[in-house]
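Asker: structure for the following, please:
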Amino acid sequence: MICTPTFGLMIRYLLKRLLSLCISLAVASLVIFTVIEIAPGDPASFMLGMNAQPETLAALRSELGLDVSKPARYLAWVGGLLQGDFGTSYTYRTPVSDMIAARLWVSMPLALYALGLSTLIAFPAGIYAAARRGKAGDVGVMGATQLGVAVPNFWFAMILVLIFAINLRWFAAGGFVGWEQGVLTGLHALTLPAIALALPQAAILARVMRSALLDVLGEDYMRTARAKGLTERQALWRHGLRNALIPVLTIIGLQFSFLLAGSIIIEQVFYLPGLGRLVFQSISARDLIVVESVVMLLVFSVILVNFLVDLAYAAVDPRLRARA
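Answerer: Residues are numbered from 1 along each chain as shown. All right, here's what the predicted structure looks like:
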């Protein structure tokens, strides 16, 4: 196998990104543990109530592992995470990994479904607006995206429930039947939540796509392409779209992380048993080990997605590898 300069640059870029990923995860784990642990309220006291006997309280704290120092608990928690052991829930006395796995089968498909919908809406809208800049179509798309950015997703959720669940009765107002009933049945139950999550993200992505394409249209190579006989629309499709993908990839990566970690309100509106609702319930019950593990998993997903986006950058734009 011949090691070309391009291959060497890619390996160096990959190693630097991996080192950055590991450092980010280490710092994130320390911040998450510190912030959650210094929050007021003792899980054992919360579980037993205000009138619990000191001996009973001490026994429960020992059983939950709360009687050791915070540095020792942090090291034990991180050591467990590295081995795939997220600990045991204080409240439910079940492995946290099992609780996360059950709810991940709701949150992950919901995030992917919403991301797919937002991309399907945003790409044509952004390209259409860029191809007709300054015209009525461009103004209409930009007006619609401004509305989409301004309106919160939970408002969209309530409107969707009112129209499609209560009036038309095409969808259930909430709940999740489970994937055991079939993939189409599960996707049907996630459709309204996915649309509510997708619309604001589609508005943001469409605006970024339009802006990136307009920037590309002003480049020298685009003027050269048009000078060779291509129309502006042909030059946009053949040469502009690929070069406009770098900022768009950034937004898509950030949106997936947001959709996975930030759907707590939508999950509450639709009574979905996802990760966001699990975090909300665990905070209410002072189930610290669940909160720490779920938040760490979500942070890991954000950092991993950003890492993959960086690799996609390097594939799209070789100049980034040269600067690494």
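Asker: okay, and for this protein, where does confidence drop off?
Answerer: 1-10, 50, 220-222, 230, 232-234, 237-240, 313-324 (pLDDT under 70).
Asker: and the gap between the closest residue to residue 269 other than its chain neighbours and residue 33?
Answerer: Excluding its sequence neighbours, the residue lying closest to residue 269 (C-beta to C-beta, 6 or more residues apart in numbering) is residue 157, at 4.6 Å. For the C-beta atoms, the positions are set from N, CA and C on the backbone; glycine is no exception. Residue 157 sits 33 Å away from residue 33, going by C-beta to C-beta, to the nearest Å.
Asker: kindly report the same for residue 51.
Answerer: 30 Å.
Asker: those two - which one has more neighbours?
Answerer: A direct count of neighbours by other C-beta atoms under 10 Å for residue 51 and residue 33 places residue 33 higher, at 21 against 5.
Asker: which helix or which strand is home to the residue most central in space within the chain?
Answerer: In the chain, the residue lying closest to the centroid (C-alpha atoms, centre = their mean) is residue 257, at 1.7 Å. Assessed by DSSP states H and E, residue 257 sits inside helix 245-261.
Asker: just the CA atoms of that helix, as CSV, please.
Answerer: Below are the C-alpha coordinates for helix 245-261, written out as CSV (Å, rounded to 0.1, in the frame of the first residue of the first chain):
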residue,chain,number,x,y,z
LEU,A,245,-22.6,22.0,1.4
ILE,A,246,-19.9,22.9,4.1
PRO,A,247,-22.0,25.3,6.2
VAL,A,248,-25.1,23.2,5.5
LEU,A,249,-23.4,20.1,6.9
THR,A,250,-22.6,22.1,10.0
ILE,A,251,-26.2,23.0,10.6
ILE,A,252,-27.4,19.4,9.8
GLY,A,253,-25.0,18.0,12.4
LEU,A,254,-26.0,20.5,15.0
GLN,A,255,-29.7,20.0,14.2
PHE,A,256,-29.4,16.2,14.8
SER,A,257,-27.8,16.8,18.1
PHE,A,258,-30.5,19.3,19.1
LEU,A,259,-33.3,17.0,17.9
LEU,A,260,-31.9,14.1,20.0
ALA,A,261,-31.2,16.1,23.1
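Asker: summarise which helices and strands it is packed against.
Answerer: Judged by 3 or more C-beta pairs under 8 Å, 6 or more residues apart in numbering; DSSP states H and E, helix 245-261 is in contact with helix 96-131, helix 183-217, helix 275-284, helix 288-316.
Asker: thanks a lot, see you next time.
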